[in-house]
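Student: Sequence first, predicted coordinates after that:
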Amino acid sequence: MKRLSLFVAGLLATSAVWALTDQDWPNWRGPAFNGSAKATGLPESWSATNGLAWTVDLPGPSGATPVIAGDKVFLTSTDSQGNLLLLCFDRNEGKKLWEQPVGIGSKVVGRNNLAASSPVTDGQRVICMFGTGDIAAFDLDGKELWKRDLGKEFGRYSIMWLYGSSPMLDQGRLYVQVLQRNPLPDDYPFNEAKKERESYVMALNPADGKEIWRQVRATDSTKESQESYASPIPFKGPHGNELLVVGGDHVSAHKAETGEELWRARLYEKRDDWYRIVTSPIGYKGLVYASGPKGQPVVAFRDGGKGNVTTEKLAWSFSESPTDWATPLILDDKFFVLDGQKHVLTRLNPETGEKVWTGKLDSDVIWSSPTGADGKIYLVSERGTALVVSAGDEFKILAKIELGDGPVKSSVAVAHGQLFIRTAHKLWCVGKAASTN
């Protein structure tokens with residue numbers, strides 16, 4: 001029976017890989033988990049009325065990024081009644097195919113609500129998670145496959161600005177990260193009698209939602225610095241299949257099969273009670289990149305160590321133009337860092353951290369992370385200004401498009417030769433009309 005279960009699990013993992021192509025955008029950071037896509041012929045410029053395949057109204061705001069599998073587009077949202085929804089649209093026409101309520105919650109703290117987490121898909125099913133702890137899986141036609149309430153099972157999340165990590169799928173495992181403050185303060189959004197909280201990473205079977213493993217992640221950080229809004233990132237490293245986790249002042253690598261921590265590294269020397277981390281890590285060609293908050297540096301560590309590798313494995317550190325909330329981008333062996341507050345985009349050599357160029361963006365504050373494809377970088381500001389920047393050897397703004405409909409916090413998705421942009425009340429599909437392929 002055990003062998004049969006393993007065989008079935010292997011089939012599920014294999015079919016999930018087969019179900020997607022490199023033209024899809026299966027999670028908030030794309031098919032390579034680094035913000036880039038293999039695409040050509042993408043638009044360099046458009047307007048709010050020209051160069052669009054379609055636009056569709058959304059029931060409510062969210063910072064979640066759309067994900068795309070084949071001819072279907074999925075995204076999470078709130079609505080005016082406080083429902084937490086998973087929506088599915090036809091990529092060809094923008095027609096809404098179905099919506100499913102998953103939870104209830106109308107809390108808003110700062111710029112965040114309970115629908116901040118992006119969905120994830122393996123081409124067979126789509127899985128969504130909300131700041132209430134509700135997590136659910138559906139087939140591509142909207143039939144519910146399973147549902148769990150992690151907030152009820154392990155305690156409502158102890159995170160000041162509401163939960164923002166997105167689930168990730170890889171090799172037949174669904175990864176969820178909950179790095180939170182312990183004990184739970186009385187003034188946090190979800191106040192409960194039991195104050196003790198564990199920070200943990202867990203892997204679930206995407207077919208039925210059952211737990212594969214759950215790993216407590218220890219930290220020596222304090223207060224809000226225990227919290228993380230980053231997402232766990234799968235990575236093929238020297239240890240095999242790994243999971244990269246950022247939070248609690250550290251980046252750590254874990255065995256994908258068991259959750260066991262392989263190594264960890266402190267991201268910066270300064271200790272502060274209020275250093276929550278927003279940016280997700282990146283793994284690329286033997287290096288692991290992560291960013292400290294609030295002016296702390298972007299750093300790279302060589303993968304493959306054991307234990308505390310802060311000094312031993314540090315490859316480089318860059319502090320001239322740091323990023324507080326935008327996850328960096330890897331595109332065509334180039335590394336890009338966005339300081340969204342100062343509107344500065346910087347290109348670095350990914351192996352050495354050497355600066356190639358820095359450019360000032362003609363924009364208001366940018367909350368989204370950069371997306372790259374076809375030699376171009378796509379950004380959207382809070383006010384709804386889309387920017388297209390060359391990813392070449394010189395900084396150059398190729399286009400500036402005023403879409404409006406702010407506030408915008410979602411990143412751009414790229415799939416099947418099109419761009420998908422979520423503003424406060426609309427989803428925009430930029431490019432030629434979709435073809436079924």
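Tutor: Alright, I've got the coordinates. Numbering: from 1, shown residues only.

Student: which regions of the protein lie under the pLDDT threshold?
Tutor: The chain contains residues with pLDDT under 70 at 1-18, 433-437.

Student: got a list of what the residue lying closest to residue 140 once chain neighbours are set aside touches?
Tutor: With sequence-adjacent residues excluded and distances taken as C-beta to C-beta, 6 or more residues apart in numbering, residue 140 is closest to residue 72, at 5.9 Å. The C-beta positions use only the backbone N, C-alpha and C, and glycine is treated the same way. Shown in contact with residue 72 (C-beta atoms under 8 Å, 6 or more residues apart in numbering): 88-91, 97, 140.

Student: Just give me the closest of the residues you listed to residue 157.
Tutor: The shortest approach to residue 157 among these belongs to residue 88, at 26.1 Å (C-beta to C-beta).

Student: For that closest one, give me its contacts.
Tutor: 72-74, 96-99, 126, 140, 142.

Student: Output the contacts of residue 72 as a markdown table; include the columns distance to residue 292.
Tutor: Formatted as a markdown table, the contacts of residue 72 follow (distance: C-beta to C-beta, whole Å):
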| residue | distance to residue 292 |
| --- | --- |
| 88 | 37 |
| 89 | 37 |
| 90 | 41 |
| 91 | 37 |
| 97 | 41 |
| 140 | 39 |
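
Student: Take these and keep only those in strands.
Tutor: Of the contacts of residue 72, the ones assigned to strands by DSSP state E are 88-90, 97.

Student: among those residues, which two are most distant?
Tutor: 88 and 90 (8.2 Å).

Student: Residues that sit against both of these two, list them.
Tutor: Residues touching both residue 88 and residue 90 by C-beta under 8 Å, 6+ apart: 72-73, 96-97.

Student: closest to residue 355 among those?
Tutor: Of all those, residue 355 sits closest to residue 73, with 36.6 Å by C-beta to C-beta.

Student: Now do the closest one against residue 395, distance only.
Tutor: Noted for residue 73: a distance of 32 Å to residue 395, by C-beta to C-beta, to the nearest Å.

Student: can you check residue 383 too?
Tutor: 22 Å.

Student: same question, residue 140
Tutor: Relative to residue 395, and taking C-beta to C-beta, residue 140 is found at 41 Å.

Student: got it, and residue 124?
Tutor: Counting by C-beta to C-beta, the gap between residue 124 and residue 395 amounts to 41 Å.

Student: same check, this time on residue 430
Tutor: Counting by C-beta to C-beta - residue 430 and residue 395 are separated by 23 Å.

Student: Who has more neighbours out of these two?
Tutor: With neighbours defined as other C-beta atoms under 10 Å, residue 430 and residue 395 compare such that residue 430 has more, 24 against 18.

Student: and the more buried one, what are its bridge partners?
Tutor: Note on residue 430: beta-bridge partners by DSSP bridges are residue 52, residue 419.

Student: Residue 317 now?
Tutor: Here residue 317, judged by DSSP bridges, has bridge partners residue 299.

Student: I'd like to know how many residues surround it.
Tutor: 15.

Student: Ok, residue 116 next?
Tutor: Here the number of neighbours of residue 116 (other C-beta under 10 Å) works out to 24.

Student: Over to the one 3 residues further on?
Tutor: The local packing count at residue 119 equals 26, with neighbours defined by other C-beta under 10 Å.

Student: That one reaches residue 128, doesn't it?
Tutor: Yes - the pair residue 119 / residue 128 is scored as a contact, 4.3 Å apart, by C-beta atoms under 8 Å.

Student: For residue 193, see how far away the nearest residue to residue 194 once chain neighbours are set aside is.
Tutor: Closest residue in space to residue 194, ignoring its immediate chain neighbours: residue 155 at 6.4 Å, by C-beta to C-beta, 6+ apart. Remark: distance between residue 155 and residue 193 (C-beta to C-beta) = 10 Å.

Student: The two: which is more packed in?
Tutor: Each of residue 155 and residue 193 has its neighbours counted (other C-beta under 10 Å); residue 155 has more, 20 against 5.

Student: Against residue 168, how distant is the more buried one?
Tutor: With C-beta to C-beta as the criterion, residue 155 and residue 168 are 22 Å apart.

Student: same check, this time on residue 43
Tutor: 28 Å.

Student: Likewise for residue 417?
Tutor: Per C-beta to C-beta, residue 417 is found 25 Å from residue 168.

Student: which of these two has more neighbours?
Tutor: Legend: neighbour count by other C-beta under 10 Å for residue 417 and residue 168, higher for residue 168 (25 against 19).

Student: quick one, what contacts the more buried one?
Tutor: 27, 33, 120, 174-175, 231-234.

Student: nearest spatial neighbour of it, skipping sequence neighbours?
Tutor: residue 175 (4.6 Å).

Student: now swap in residue 332 and tell me
Tutor: Using C-beta to C-beta, 6+ apart, the closest residue to residue 332 is residue 391 (6.8 Å).

Student: Check residue 126 too.
Tutor: residue 74 (4.9 Å).

Student: Return the distance of the one you found relative to residue 323.
Tutor: 27 Å.

Student: hey, where'd the strands end up in the stretch 201-350 of the chain?
Tutor: 211-216, 233-237, 240-247, 250-255, 261-266, 282-284, 287-291, 298-302, 307-308, 314-318, 329-331, 334-339, 344-348 (DSSP state E, counting those that start in this stretch).

Student: Quick check: residue 151 is in a helix.
Tutor: Yes - read with DSSP: H, G, I helix; E, B strand; the rest coil, residue 151 is one of the residues of a helix.

Student: Surely the residue nearest to residue 194 is in contact with residue 191?
Tutor: No - under the criterion of C-beta under 8 Å, residue 155 makes no contact with residue 191, lying 11.2 Å away.

Student: need the contact list for residue 424.
Tutor: Residues near residue 424 by C-beta under 8 Å, 6+ apart: 61, 384, 405-408.

Student: For residue 296, which non-adjacent residue is spatially closest?
Tutor: In space, residue 296 is closest to residue 268, 4.1 Å off (C-beta to C-beta, 6+ apart).

Student: residues in contact with that neighbour?
Tutor: Here residue 268 is in contact with 249, 292, 296-297, 299 (criterion: C-beta under 8 Å, 6+ apart).

Student: please redo it, this time with the cut-off set to 7 Å
Tutor: With contact taken as C-beta atoms under 7 Å, 6 or more residues apart in numbering, residue 268 is in contact with 292, 296-297.

Student: before we move on, what about residue 125?
Tutor: Contacts for residue 125 (C-beta under 7 Å, 6+ apart) come out as 137-139, 145, 206.
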